[in-house]
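K.L.:
take this sequence and fold it.
(2 chains)
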Number of protein chains: 2
Amino acid sequence: MHDAPLDRFYSIIPAGGVGSRLWPLSRADAPKFLHDLTGSGQTLLKDTWDRLAPLAGEQRIMVVTGRAHRAAVEAQLPALADENIVLESEPRDSTAAIGLAAAILHRREPNVIIGSFAADHVISGEALFRSAVEQAVAAAEAGYIVTIGITPTEPAVGFGYIECGDALDVPGGEHVEAVHSFVEKPDLATARRYLADGKHLWNAGMFIARADVLLDELARTKPDLHAGLVELAAAWDDAATRGPAVDRIWPKLEKIAIDYSIAEPAAAAGRLAVVRGHFQWDDVGDFASLAKLNTAGRSGELAILGENARVLSDASSGIVVSRAKRVISLIGVKDIVVVDTPDALLVTTSEHAQRVKAVVDALRLGGSSDVL
Amino acid sequence: MHDAPLDRFYSIIPAGGVGSRLWPLSRADAPKFLHDLTGSGQTLLKDTWDRLAPLAGEQRIMVVTGRAHRAAVEAQLPALADENIVLESEPRDSTAAIGLAAAILHRREPNVIIGSFAADHVISGEALFRSAVEQAVAAAEAGYIVTIGITPTEPAVGFGYIECGDALDVPGGEHVEAVHSFVEKPDLATARRYLADGKHLWNAGMFIARADVLLDELARTKPDLHAGLVELAAAWDDAATRGPAVDRIWPKLEKIAIDYSIAEPAAAAGRLAVVRGHFQWDDVGDFASLAKLNTAGRSGELAILGENARVLSDASSGIVVSRAKRVISLIGVKDIVVVDTPDALLVTTSEHAQRVKAVVDALRLGGSSDVL
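P.N.:
You can find the predicted model right below:
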């Protein structure tokens, strides 16, 4: 477990996105990555950092986040170097976030291999994670853009899938396959077929590539976006030029997810590889997922999140998130989701957990952004 | 509707009891009678006062309540005369409360007819209520202890029942019957039979009698309790003697409901009469009842109680009581009960509403009396 950091490797943690499906726990000013969702005692962001530090080294992790989160991120990650925090003046989706980090790092270190990992996913099985990243880095060295797909353990309908193609011959990468295609969240019957056929993996949004390869791919698919990012990166490391460049370039960058700008086109062109990850992974996309995570999947149990939670439960199951120091009493409610915060309360069931985002949208439209 | 007050009649409102099944809305320091449970804009206590004032006159309504509630009661009832508020140093059940009021009033006015009506029931149909009280007063003049039973409109299992006996010949009381017996809350099959047979009425805990008749009945069944109340009443109207008498006598009085000390023995002896009330009545015993009351019995609807409640509901039904000025969002929860107060939250369903009292007991035993 004391393996040395991987050669040439640099981690990127895009820490953006509110996590609307976890409202009212996740908020604009307290997004998902700033919460402890597993009872580990620390935030998902810090968990992510701790997972990547042995692979990249603490001096080689770059965090891309919103200006509003700077203080919180720095408080969470005291070892984060000043030159490794990239602040967005406004969110412009994952291509801009990861692409800017890649472009900055490429200027600083032309042969760098970057690996981007979300700040708010839950992973267990550190050795298996390391092994997958090692394979991915080997495939990246060979010129592929690489993703790590998660071996499914159930017919999940809440995740996108990666369909694996032919095995690839990569030095040091024993189990690397081509990505045939990406598929959207399936229905249950399809998910069952995916689980059975052994050719489909969960898309965990992890991307590993040589920075130059990633930028070349972007130059092909989105030349304007690529040009903007390269120009911004050139101005980045000089305090006199960064600010004006951000103001001029950032607001005009195309908003597009990296899945669409890079991953899918690269897959279509045969330049995307996938490594099978056998570690446990969850994107904790909604409260049903959070409940499952915190009851270790045992139905009929009640998960309780929150320091000093005062919860009295009589024949109830599901999840209670307590953030308001109140006594919470549940009687005979099954698969319930109760999220109690000082200014907003959510009551729903696991079955309807995906609909939380619609409520957030309704609150925004209804002028209740004070609680978002 | 501008009928004069009834001759010799004096109303008593025992305002005690927390209403544990309505926790955390009802509390020791904010019992059920101090809440607006119907959206009328005023408390149940004030509703009760307004209902009785035309029958007795505002100067002839006596309220028996705990010392802790004096200020709240006086604030609710500005017309309540000083000599008409009886403060209990501690709760000693309904015989002591109503018996003391009867004994005090009997000393002041030997031929008074008293009528006791709970402070926290919901009634609509004022004219039908007046008509029933008029009949009851006529029967009381004739020497009966009288109760008003409610004509059932459904096979309710949450109420006790009165079984009617033979018709009684009472001057001015056209539809007065003897009470055959009292029966406890029935199961559904029994309740259906009661509804069908036309001989069973809901026991609404209303008692009307000449004060001397009521006290004589108590002297027969509970002579010690009677003696204590008469002694206390004798000391009551003198500021110098009241305090010491209360300290000496009140804590030793037997705690017993008037149903057991007076009503059942009087029924057994043929001295209890019943008048059929055709007005709508509910004791609002739990949140299921409260939900029903506030949706006018329409299932599939969501009742919202609370001034300035901010509730967003998506395909939910049941009841939300909002006392904490928070945004409350419900998604896809059916027959739900959500009671949101600053220091305690309850989530249950109509089906389990009766079990709220057990939770209150558990909180007390568990040392959480701060929220009771």
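K.L.:
separation between residue A:238 and residue B:106?
P.N.:
Residue A:238 sits 97 Å away from residue B:106, going by C-beta to C-beta, to the nearest Å. The way it works is simple: take the backbone N, C-alpha and C, and place the C-beta from them, glycine included.
K.L.:
what does chain A put close to chain B?
P.N.:
With C-beta under 8 Å from any C-beta of the partner chain as the criterion, chain A meets chain B at residues A:24, A:310, A:312, A:314, A:326-333, A:336, A:338, A:340, A:342-349, A:351-352, A:355-356, A:358-359, A:362-363, A:366, A:368, A:371.
K.L.:
sorry, back to before: with neighbour numbers in mind, choose between residue A:238 and residue B:106.
P.N.:
Shown here are residue A:238 and residue B:106; by other C-beta atoms under 10 Å in any protein chain shown, residue B:106 has more neighbours (20 against 10).
K.L.:
my guess is the more buried one contacts residue B:216, does it?
P.N.:
No - the criterion here is C-beta atoms under 8 Å, and residue B:106 misses it with residue B:216 at 10.4 Å.
K.L.:
now for residue A:213, how many residues are close by?
P.N.:
Other residues within reach of residue A:213, judged by other C-beta under 10 Å, total 22.
K.L.:
I'd like to know how far it sits from residue B:42.
P.N.:
Remark: distance between residue A:213 and residue B:42 (C-beta to C-beta) = 74 Å.
K.L.:
in stretch A:38-51, what counts as buried?
P.N.:
A:38, A:43, A:44, A:45, A:46, A:47, A:48, A:49, A:51 (16 or more other C-beta atoms under 10 Å in any protein chain shown).
K.L.:
surely the second one touches residue A:30?
P.N.:
No - counting by C-beta under 8 Å, residue A:43 stays clear of residue A:30, with 10.1 Å between them.
K.L.:
shared neighbours of the two, anything?
P.N.:
Taking C-beta atoms under 8 Å, 6 or more residues apart in numbering or on different chains as the contact criterion, no residue touches both residue A:43 and residue A:30.
K.L.:
what's the separation between the closest residue to residue A:180 other than its chain neighbours and chain B?
P.N.:
Nearest residue to residue A:180 in three dimensions, chain neighbours excluded: residue A:165, at 3.7 Å (C-beta to C-beta, 6 or more residues apart in numbering or on different chains). Per C-beta to the nearest C-beta, to the nearest Å, residue A:165 is found 40 Å from chain B.
K.L.:
phi, psi of residue A:165?
P.N.:
Backbone torsions of residue A:165, given as degrees, to the nearest 10, read phi -110, psi -140.
K.L.:
now do the one 5 residues further on
P.N.:
Residue A:170 has phi and psi values of phi -120, psi 130 when expressed as degrees, to the nearest 10.
K.L.:
tell me the domain ranges of chain A?
P.N.:
A:9-282, A:287-371 (automatic domain parsing).
K.L.:
gap between the first one and the chain center?
P.N.:
Here the centre of domain A:9-282 is set off from its chain's centre by 7 Å, with C-alpha atoms, centre = their mean, to the nearest Å.
K.L.:
try the last one
P.N.:
Here domain A:287-371 is found 22 Å from its chain centre; the criterion is C-alpha atoms, centre = their mean.
K.L.:
secondary structure element holding residue A:345?
P.N.:
Residue A:345 is part of strand A:344-349, with elements assigned from DSSP states H and E.
K.L.:
please save the CA atoms from whichever helix or strand comes after that strand in CSV.
P.N.:
Using DSSP H and E, the helix or strand that follows strand A:344-349 in sequence is helix A:356-365. Provided in CSV are the C-alpha atoms of helix A:356-365 (Å, rounded to 0.1, in the frame of the first residue of the first chain):
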residue,chain,number,x,y,z
VAL,A,356,-36.2,15.9,-6.3
LYS,A,357,-34.6,17.8,-9.1
ALA,A,358,-38.0,18.8,-10.5
VAL,A,359,-38.9,20.2,-7.1
VAL,A,360,-35.7,22.2,-7.1
ASP,A,361,-36.6,23.6,-10.5
ALA,A,362,-40.1,24.4,-9.3
LEU,A,363,-38.7,26.2,-6.3
ARG,A,364,-36.4,28.2,-8.5
LEU,A,365,-39.3,29.2,-10.8
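K.L.:
now do helix A:356-365: which elements does it pack against?
P.N.:
strand A:344-349, strand B:310-314, strand B:327-331 (3 or more C-beta pairs under 8 Å, 6 or more residues apart in numbering or on different chains; DSSP states H and E).
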